[in-house]
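> Let me see the structure of the following:
(one chain, ligands or ions: 1)
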Amino acid sequence: MSSAYYLTKAGHQVTIIEQSDLKDGCSFGNAGMIVPSHLIPLAAPGMISKGIRWMFNSTSPFYVKPRISGDLIKWGYHFYRNSTKEHVAKAAPALKEISLLSKAMYQQLAKELPFDFGYHERGLLMLYQTKETEHEEVETAALANKHGIEAHVISSEEVQKLEPEVEVRARGGVYFPGDAHITPQSFVNQLMTFLKEKSVKFQTNTTVQDFIIEAGKIKTVQTDKGDFSFDEVVLATGSWSGMLAAKLDLSLPMQAGKGYSFTIPNMLKNVRVPSIFLEARVAVTPMGNSLRFGGTMEITGVDHSISMNRVKGIVDSIPRYYPEMKVTMPKTEEIWHGLRPCSPDGLPYIGRSQKIKNLVLATGHSMMGLSLGPGTGKLVSELIDQEKTSISIDAFVPERF
Ligand SMILES: Cc1cc2nc3c(=O)[nH]c(=O)nc-3n(C[C@H](O)[C@H](O)[C@H](O)COP(=O)(O)OP(=O)(O)OC[C@H]3O[C@@H](n4cnc5c(N)ncnc54)[C@H](O)[C@@H]3O)c2cc1C
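Alright, predicted model coming up:
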């Protein structure tokens, strides 16, 4: 939808082909954080050993479902190869550039769109309770400051000052004042209505099944509702992108990283600053007078089952950080889940295909798809119009694996 927005603005006629009815999806119930603070990609030193430790605890925030799958093995191999200091050093500046571009786009959207989507610039608070996590987070803060992203290491008293209404239990925290947040479902739903008014065609309940290629170009997009032809095609199909790319003979390693959220309405005393419980890997975001908790990363393939144990892991973490907050286990119907499109190096795939001339890819944003959406949409529009892109996209070349 971000791509559709900028393409429409540039004067193009856009059709979105979508397999669902667009009442839900990964961009609706997420934590809504816009995170220039997140300079370290998912593939980073220490992630594999941490992941293995977490694998054996059913309430832990990370799980890989062991299964015999060529795609998973390939993805795991590339994840392993990229979990290095060198990769982080290369990825951090690229993530910074796209994050800052996307935040600037959000600032502009908050002014130019005729609706409110809960955009606030209150920063992000990373909370830690152990010495080990403090050490890691202080290093992250130093890396951020080195790259020009403001980060302050603050004491537990300073953390509490940022949260006047809710008692916080933490050894300390790192505060990133440059982060922001929105209410994602409000953004996506209203953007959809806006785009419809601007004549974007929504071809919903329609699944893309295959493509006909002629002279190095996509001539036909084949769906279960018939064939379509376009001058340009943007592949932005999230966790399903690897499977669709394979139909085009492109290698786009992708795994779905399932996460859960639940939202508590009508908070009498609410959290002010979006926060992450670092040891528990739980994200907390105030959205009006509601409070959303989100977390877990389950690499289980495209699978929509809900693991109540992992949701319990999120619920159990709340009183450890907010001792006065009493949250009971949500009912199944109150639990939202989404499939994050995870590339193995933690960087998105953005760019024009080298092999198929009228194909642009915009996917694989893992944990940052909401944050990087508008920036990506802007880049897609520039690529289609063959303009110089706002930032370098060399690190995001889609055919890198
Ligand atoms: C618990 C949780 C918390 C998160 N918190 C944040 C956060 O705070 N900040 C942040 O930046 N990100 C966050 N994320 C990540 C973010 O939600 C995702 O990165 C983002 O939503 C991905 O968007 P997308 O458009 O790439 O993919 P999707 O939203 O999955 O969209 C892809 C669409 O393609 C459609 N599709 C797939 N295959 C086909 C086909 N063959 N034919 C037609 N249609 C097809 C799908 O139905 C889907 O609607 C979070 C995710 C989770 C799970």
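
> use CA for all of it now, contacts and neighbours both
OK.

> Tell me who's in contact with Ala170.
Counting by CA atoms under 8 Å, 6 or more residues apart in numbering, Ala170 makes contact with 127-129, 156, 159, 321.

> residue ranges of the helices in the stretch 1-150 of the chain, please?
With helices called from DSSP state H, counting those that start in this stretch, the stretch 1-150 of the chain shows them at 2-9, 47-55, 70-82, 85-112, 131-146.

> I would like a PyMOL command selecting only the buried ones among the contacts of Ala170, please.
Restricted to buried positions by 16 or more other CA atoms under 10 Å, the PyMOL selection for those reads:
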select buried, resi 127+128+129+156+159+321
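
> quick one: Ile391 and Lys96 touch, right?
No: between Ile391 and Lys96 there is no contact under CA atoms under 8 Å: 10.4 Å.

> Looking only at neighbour counts, state which of these two leads.
Taking neighbours as other CA atoms under 10 Å, Ile391 and Lys96 compare with Lys96 leading, 21 against 13.

> Let me know the helix or strand that Ala362 is in.
According to DSSP states H and E, Ala362 maps onto strand 359-363.

> What parts of the stretch 201-350 of the chain come near the ligand?
206-209, 236-240, 258-261, 294-295, 337-340 (CA under 6 Å from any ligand atom).

> Which among these count as buried?
Buried by 16+ other CA under 10 Å: 206-208, 236-240, 258-261, 294-295, 337-340, out of these.

> coming back round to it: can I get the strand holding Ala362 in PDB, CA atoms only?
Taking C-alpha atoms only, strand 359-363 is exported to PDB below (Å, rounded to 0.1, in the frame of the first residue of the first chain):
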ATOM      1  CA  LEU A 359       9.800  -6.500 -11.900                       C
ATOM      2  CA  VAL A 360      10.600  -4.500  -8.700                       C
ATOM      3  CA  LEU A 361      10.800  -6.300  -5.400                       C
ATOM      4  CA  ALA A 362       9.800  -4.700  -2.000                       C
ATOM      5  CA  THR A 363       9.800  -7.300   0.700                       C
END
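
> Off-centre distance for that strand?
In terms of CA atoms, centre = their mean, to the nearest Å, the centre of strand 359-363 is set 16 Å apart from its chain centre.

> Settle this for me: Glu137 is touching Val174, isn't it.
Yes: between Glu137 and Val174 there is a contact at 7.0 Å, judged by CA under 8 Å.

> Distance check, the nearest residue to Phe262 once chain neighbours are set aside against the ligand.
Closest residue to Phe262 apart from its sequence neighbours, by CA to CA, 6 or more residues apart in numbering: Ile335 at 5.1 Å. To the ligand, Ile335 is 10 Å away according to CA to the nearest ligand atom, to the nearest Å.

> Could you count how many residues lie near Ile335?
17.

> OK, contacts around it?
Ile335 sits next to 260-262 when contact means CA under 8 Å, 6+ apart.

> And the lowest-mean-pLDDT helix or strand in the chain, what does it pack against?
Here the helix or strand of the chain ranked lowest by mean pLDDT, DSSP states H and E is helix 47-55, holding a mean of 83. Judged by 3 or more CA pairs under 8 Å, 6 or more residues apart in numbering; DSSP states H and E, helix 47-55 is in contact with strand 62-64.

> Work out the gap between the strand it packs on and the centre of the chain.
The answer for strand 62-64 is 17 Å, by CA atoms, centre = their mean.

> shared neighbours of Glu137 and Val174, which are they?
Common contacts of Glu137 and Val174, defined by CA under 8 Å, 6+ apart, comprise Met126.

> picking that back up, save the contacts of Ile335 as CSV, and put in pLDDT, secondary structure and distance to Tyr349 too.
Converted to CSV, the contacts of Ile335 look like this (pLDDT from 0 to 100; DSSP: H, G, I helix; E, B strand; the rest coil; distance: CA to CA, whole Å):
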residue, pLDDT, secondary structure, distance to Tyr349
Tyr260, 97, strand, 24
Ser261, 98, strand, 26
Phe262, 98, strand, 29
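
> out of Glu137 and Val174, which sits in the more crowded spot?
Ranked by neighbour count (other CA under 10 Å), Glu137 and Val174 place Val174 first, with 22 against 19.

> which element is the residue lying closest to the more buried one once chain neighbours are set aside on?
Once flanking residues are discounted, Val174 sits nearest to Val153: 4.4 Å by CA to CA, 6+ apart. Assigned by DSSP H and E, Val153 falls within strand 152-155.

> That strand pairs with which strands?
Next to strand 152-155 in the sheet, as set by DSSP bridges, lie strand 172-176 (antiparallel).

> Follow the chain on from the strand it pairs with and name the next helix or strand.
Using DSSP H and E, the first helix or strand after strand 172-176 is strand 180-181.

> quick check: angle from whatever helix or strand comes next after that next one to helix 2-9?
Counting by DSSP H and E, the next helix or strand C-terminal to strand 180-181 is helix 184-197. For helix 184-197 against helix 2-9, the angle by axes from the mean of the first three to the mean of the last three CA atoms, to 10 degrees is 30 degrees.

> Tell me the helices and strands packed up against whichever helix or strand comes after helix 184-197.
Note on helix 184-197: by DSSP H and E, the next helix or strand toward the C-terminus is strand 201-203. Identification of packing neighbours for strand 201-203 by 3+ CA pairs under 8 Å, 6+ apart yields strand 15-17.

> With that, I have no additional questions.
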